[in-house]
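Peer 1: coords please:
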Amino acid sequence: MPETRYTHPAIALHWLMAVLLIGLFGLGLYMSDLPLSPDKLKLYSWHKWAGVTAFLLVLLRLGWRIGHRPPPLPMAMPAWQKTASHGAHHLLYLLMFAIPLSGWLMSSAKGFQTVYFGVLPLPDLLAKDKELGELLETVHWTLNYALAALVVAHVAAALKHHLRDRDDVLSRILPVVGRNR
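Peer 2: Predicted coordinates:
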């Protein structure tokens with residue numbers, strides 16, 4: 001009989017990433033319009049540290065997901081919804097990988113090395129190039145807004161399944177299970 005819930009590590013990584021990504025998005029919005037100051041530079045460092053952490057966690061999530069298949073979607077779910085679900089999840093993983101990478105590339109092109117937790121200098125991935133740095137900033141922002149829109153759709157779909165369809169799509173990823181039937 002197939003498993004009906006995600007594994008405990010998958011659930012923990014899902015919610016840890018959710019909190020981290022929401023925090024990164026909020027911090028990114030807040031810090032971008034601040035005037036240049038030591039506080040702004042500190043927030044940029046925190047944002048970069050959290051971004052590197054998100055990058056490492058998504059690699060861990062991908063590794064876990066490859067070795068642990070998710071539970072099957074409900075049999076009664078229409079094929080188009082299953083296809084949309086799989087596509088959305090692939091796109092979520094792609095964006096969770098691409099966004100921190102685009103931030104790292106942007107920092108490199110702008111000439112600001114990323115030093116993880118102020119201790120471990122990460123190599124610059126590109127030579128300093130102001131125009132490329134500006135382009136990568138636009139790419140980084142665009143990818144973030146795409147992720148935000150996809151997260152809203154992801155949450156809306158989960159709530160639709162829980163409240164209208166009354167299936168177990170949401171409960172199988174919740175840290176505490178309370179079946180809605």
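
Peer 1: Name the nearest residue to residue 84, ignoring sequence neighbours.
Peer 2: residue 157 (8.0 Å; C-beta to C-beta, 6 or more residues apart in numbering). C-beta coordinates here come from the backbone N, C-alpha and C atoms, glycine included.

Peer 1: so the one you found touches residue 85, yeah?
Peer 2: Yes: at 7.3 Å, residue 157 counts as touching residue 85 under the criterion of C-beta atoms under 8 Å.

Peer 1: I'd like to know how far residue 138 sits from residue 36.
Peer 2: 20 Å (C-beta to C-beta, to the nearest Å).

Peer 1: Which one's more surrounded, these two?
Peer 2: residue 138 (11 against 7; other C-beta atoms under 10 Å).

Peer 1: list the helices and strands the one helix or strand that one maps to packs on?
Peer 2: Assigned by DSSP states H and E, residue 138 belongs to helix 130-160. Applying 3 or more C-beta pairs under 8 Å, 6 or more residues apart in numbering; DSSP states H and E, one finds that helix 130-160 contacts helix 8-32, helix 79-110.

Peer 1: How far off centre is that helix?
Peer 2: 9 Å (C-alpha atoms, centre = their mean, to the nearest Å).

Peer 1: now residue 139, nearest residue through space, not along the chain?
Peer 2: Residue 139 sits nearest to residue 102 (C-beta to C-beta, 6+ apart), 5.1 Å away.

Peer 1: Pull the number of nearby residues for that neighbour.
Peer 2: Residue 102: 21 neighbours (other C-beta under 10 Å).

Peer 1: The most centrally placed residue in the chain: what's it in contact with?
Peer 2: For the chain, residue 96 is the residue whose C-alpha lies nearest the centre (C-alpha atoms, centre = their mean; 3.9 Å). Taking C-beta atoms under 8 Å, 6 or more residues apart in numbering, we find residue 96 in contact with 17, 21, 54, 58, 61, 147.

Peer 1: Looking at these, which two lie furthest apart in space?
Peer 2: Maximum pairwise distance in the contacts of residue 96, criterion C-beta to C-beta, is 14.6 Å, between 61 and 147.

Peer 1: Show me what stretch 55-71 is in contact with.
Peer 2: 2-7, 9-10, 13-14, 16-17, 20, 93, 96-97, 100-101, 104, 172.

Peer 1: Apply 6 Å and report the result again.
Peer 2: Applying C-beta atoms under 6 Å, 6 or more residues apart in numbering, the contact partners of stretch 55-71 are 3-4, 7, 9-10, 13, 17, 96-97, 100, 172.
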